[in-house]
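Novice: For reference, the sequence and a predicted model appear below.
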Amino acid sequence: MSAILNSIQGIAGKLQGTFQSVLDRIFPPEQRAEMLGKLQAFAINNPKLAAFLTAQIAFTGLPLLLFFTFSLTVFLFSLIAALLIGIVAALLFTVFMVGVALVVVLPTVFLTTFTASFFYLWGMGGYYLLKWFNEGDAPAPQGSAIGDKINNLTGGRMSWLMEGARKKQDDRHTGVDQTPKVHGSESNGKYEKPKSNGHTDEATEQAKQAANQAETAKISATEQVDSAQKRVGNTTGGATNAAGMAKGALGGATGV
């Protein structure tokens, strides 16, 4: 029993210390002392009114405190619940509206994709049909092509496209590919080297012949150097052998 009482007293002491620290933060001791002095002066000057207010606070203070605590708790709980319900409702509403939008967007995207593909195929068919009527790839006079008319309608904003197409068509007819390529040709998806004329091929062939002649001269010079080194080695070896024989004969004659 004493252990239970001691534990209750310890808990009560901790609660009192916590309440005291909170009260000191809200109402510092100086302000409490000043307020207590004012209440004492009021009680001395108005004893009957002070007794009446003290009785009212003693009997009605606790119910009013519990009422305000309950009201604050209900308000905080309602606020948290409203926030959670609002977030969930916002998510559900967003999912529902996105589903409705997808019902409208998916057919629209399908129709627009089909329309774009149809116009592309129609344009390609018209291009090859005009190409067939023109009897080949003969370039149309400047200003009479359909691209030039479209360029005029756009105020010259497609000049870069028309100039590039004309350069590519001229290269195709002249056989000299001078149009710059970054990602390779359109025929096989691989980079193709520009075609060169006869003068370039002849110069390339002469350069190859000169390189072959230089390589042959280098090999011949290397062989000559190796042969000379072998002859020098043989001569040095013969002289060494002769010196050894002479030394041996001298040693035999002197008996050393």
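Specialist: That came through fine. Numbering: from 1, shown residues only.

Novice: pLDDT on whichever helix or strand Phe68 is part of, on average?
Specialist: In this structure, Phe68 sits in helix 47-133 according to DSSP states H and E. Per-residue pLDDT values over helix 47-133 give a mean of 90.

Novice: start at 39 instead
Specialist: Renumbered: residue one is now 39, and that last one reads helix 85-171.

Novice: That one packs against which elements?
Specialist: Using 3 or more Cβ pairs under 8 Å, 6 or more residues apart in numbering; DSSP states H and E, no helix or strand is in contact with helix 85-171. From N, CA and C alone the C-beta is placed, and that goes for glycine too.

Novice: Pull the number of nearby residues for Gly163.
Specialist: The number of residues packed near Gly163 is 10, by other Cβ atoms under 10 Å.

Novice: and the gap between it and Phe65?
Specialist: Distance, Gly163 to Phe65, by Cβ to Cβ, to the nearest Å: 90 Å.

Novice: Same question for Pro85.
Specialist: Distance, Pro85 to Phe65, by Cβ to Cβ: 26 Å.

Novice: Please apply the same query to Asn44.
Specialist: 31 Å.

Novice: what does Leu104 give?
Specialist: 21 Å.

Novice: Kindly report the same for Leu102.
Specialist: Leu102 is 19 Å from Phe65, by Cβ to Cβ.

Novice: again, but for Gln54
Specialist: Gln54 sits 16 Å away from Phe65, going by Cβ to Cβ.

Novice: which element is Ala252 on?
Specialist: Short version, using DSSP H and E: Ala252 is in helix 236-292.

Novice: likewise Asp62?
Specialist: Applying DSSP H and E, one finds Asp62 within helix 40-64.

Novice: and the helix or strand following that helix with helix 85-171, angle?
Specialist: Downstream of helix 40-64, the next assigned helix or strand under DSSP H and E is helix 67-83. Here the directions of helix 67-83 and helix 85-171 differ by 140 degrees (axes from the mean of the first three to the mean of the last three Cα atoms, to 10 degrees).

Novice: what comes up buried for helix 67-83?
Specialist: Within helix 67-83, no residue counts as buried by 16 or more other Cβ atoms under 10 Å.

Novice: Pro66: how many residues sit nearby?
Specialist: With other Cβ under 10 Å as criterion, Pro66 counts 11.

Novice: Perfect, I'm done here.
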